[in-house]
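J.: dropping a prediction and its sequence here:
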Amino acid sequence: MKQSLKDDYRRSLKSMDTEEGIDLAFYRPIGYMWARLAARFGVSPNAITIAAIFLGIGAGVLFYFPDLWINVAGMLLLVWANSFDSADGQLARMTHSYSRIGRILDGLCGDFWFAAIYIAIVLRENSFSPFFSEHHWILWLTAAVTGMCHTKQAAMADYYRQFHLYFLKGEDGSELDSAPQLRRQLEDAGITWRRHFWKRLSMAFYLAYTRQQEATAPAMQALCSQLRERFPNGRIPQSFREDFRRASLPLMKFTNILSFNWRVITLFTALFIGQPWLYFLVELTVFNALLVYMIIRHEKICKRFTNSLRNGLY
């Protein structure tokens, strides 16, 4: 029984390559317990995601108040929200109930959280800080730029993680999408604005999101094109998969830093010292520097493997 639970837990993880240490030590075990409970009562992954959205927004509201204990309550609420965000994916993997709508919802979940958090920080500083109350436009502008940078960081971290999983586990183990493929699926499924407005709207946002990821990684697109040309049947040699995985693996720690845990550690630290605006500063400097470094490194890896394919090394 104990071994069966361990095996079931391992199957609920994406892969040891892409899991982050804090997640493995804390969020994944808690998420697994939530997922098992949800499976028992027939709760869907999307329902858990929606609950996580509301919990995270509630946390953001509590960060408005310049009272440490209220902020701590918000921190606990955000931790709870992220345990749900972990549980929805684990439940989907345990029950094989994947859906693109679920992936879109999961991506939007963090956006809702941090939109609420950013607004709360701006309103808090404008209300309680003499400097920012006189120059409120500075913080609104900073928050807007930080939000755009945050979105880019999270999008590319997810993209590189899915690309890594594609070579590690194949198409079934990855949620890697391409803009042309999404367009074809929209056309083939006959999803129209008039008859399927909300589904068409969500797919339009997801298509734009995917295009933005692809535009930031041109060498990666060239590698994908070369793979399709060299292996039109989709049977990429195992040697190529292993070599790419080995080259990509060191970058996974950067994708994890640009995800939830280290971002929230930074936020909580800023709240504990009573200077939440410092979170924006770290986002704009440290996290953006990591993003640029990650993009440059990944593009170099893709160029190297593209040249290897053109030279017939695989």
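T.: Thanks, I have the structure now. Keep in mind it's a predicted model, so treat the numbers as computed, not measured.

J.: ok, residues contacting stretch 245-257?
T.: Residues outside stretch 245-257 that contact it (C-beta atoms under 8 Å, 6 or more residues apart in numbering): 17-18, 20, 23, 157-158, 160-161, 163-164, 167-168, 262, 287, 290, 293-294, 297-298, 301, 304-305. C-beta coordinates here come from the backbone N, C-alpha and C atoms, glycine included.

J.: quick check: mean pLDDT of that stretch?
T.: Averaging pLDDT along stretch 245-257 yields 94.

J.: low-scoring stretches of this structure, by residue?
T.: Applying pLDDT under 70 to the chain flags the ranges 1-3, 173, 189.

J.: where do the helices of the stretch 151-300 of the chain begin and end?
T.: Taking DSSP state H, counting those that start in this stretch as the test, the helices found in the stretch 151-300 of the chain are 179-189, 197-216, 218-230, 238-248, 252-257, 261-272, 278-282, 288-310.

J.: can I get the second one in PDB? Just the C-alpha atoms.
T.: To tie it back to what came earlier, the one meant is helix 197-216. As requested, the backbone C-alpha atoms of helix 197-216 are provided in PDB (Å, rounded to 0.1, in the frame of the first residue of the first chain):
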ATOM      1  CA  PHE A 197     -17.600  33.300 -27.900                       C
ATOM      2  CA  TRP A 198     -15.800  32.400 -24.600                       C
ATOM      3  CA  LYS A 199     -14.000  29.400 -26.000                       C
ATOM      4  CA  ARG A 200     -12.900  31.500 -29.000                       C
ATOM      5  CA  LEU A 201     -11.800  34.300 -26.800                       C
ATOM      6  CA  SER A 202      -9.700  32.100 -24.500                       C
ATOM      7  CA  MET A 203      -8.100  30.400 -27.600                       C
ATOM      8  CA  ALA A 204      -7.400  33.800 -29.100                       C
ATOM      9  CA  PHE A 205      -5.500  34.800 -26.000                       C
ATOM     10  CA  TYR A 206      -3.700  31.500 -25.900                       C
ATOM     11  CA  LEU A 207      -2.700  31.800 -29.600                       C
ATOM     12  CA  ALA A 208      -1.300  35.300 -28.900                       C
ATOM     13  CA  TYR A 209       0.500  34.000 -25.900                       C
ATOM     14  CA  THR A 210       2.100  31.200 -28.000                       C
ATOM     15  CA  ARG A 211       3.100  33.600 -30.800                       C
ATOM     16  CA  GLN A 212       4.800  35.800 -28.300                       C
ATOM     17  CA  GLN A 213       6.800  32.800 -26.900                       C
ATOM     18  CA  GLU A 214       7.800  31.800 -30.400                       C
ATOM     19  CA  ALA A 215       8.900  35.300 -31.400                       C
ATOM     20  CA  THR A 216      11.200  35.400 -28.400                       C
END
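
J.: got the angle between it and helix 218-230?
T.: 100 degrees (axes from the mean of the first three to the mean of the last three C-alpha atoms, to 10 degrees).

J.: mind checking how far helix 197-216 is from the chain centre?
T.: 15 Å (C-alpha atoms, centre = their mean, to the nearest Å).

J.: and for it, what are the contacting residues?
T.: Counting by C-beta under 8 Å, 6+ apart, 100-101, 103-104, 107, 152, 155-156, 159, 177-179, 182-183, 186, 191-193, 220-221, 295 sit against helix 197-216.

J.: ok, which of the helices of the stretch 151-300 of the chain comes nearest A47?
T.: Between A47 and the helices of the stretch 151-300 of the chain, the tightest spacing by C-beta to C-beta is seen for helix 197-216, at 16.6 Å.

J.: could you list the buried residues of that closest one?
T.: 199, 202-203, 206-207, 209-210, 213-214, 216 (16 or more other C-beta atoms under 10 Å).

J.: the contacts of helix 197-216, buried ones only, as a PyMOL selection?
T.: Restricted to buried positions by 16+ other C-beta under 10 Å, the PyMOL selection for the contacts of helix 197-216 reads:
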select buried, resi 103+104+107+152+155+156+159+177+179+182+186+191+220+221+295
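
J.: pull out the buried positions in stretch 43-58.
T.: 43-46, 48-49, 51-53, 55-58.

J.: what about R103, distance to R11?
T.: Using C-beta to C-beta, to the nearest Å, we find R103 at a distance of 19 Å from R11.

J.: T210 too?
T.: 27 Å.

J.: likewise for Y209?
T.: Counting by C-beta to C-beta, the gap from Y209 to R11 is 28 Å.

J.: with S225 instead?
T.: 33 Å.

J.: now F132, nearest residue through space, not along the chain?
T.: E125 (4.2 Å; C-beta to C-beta, 6 or more residues apart in numbering).
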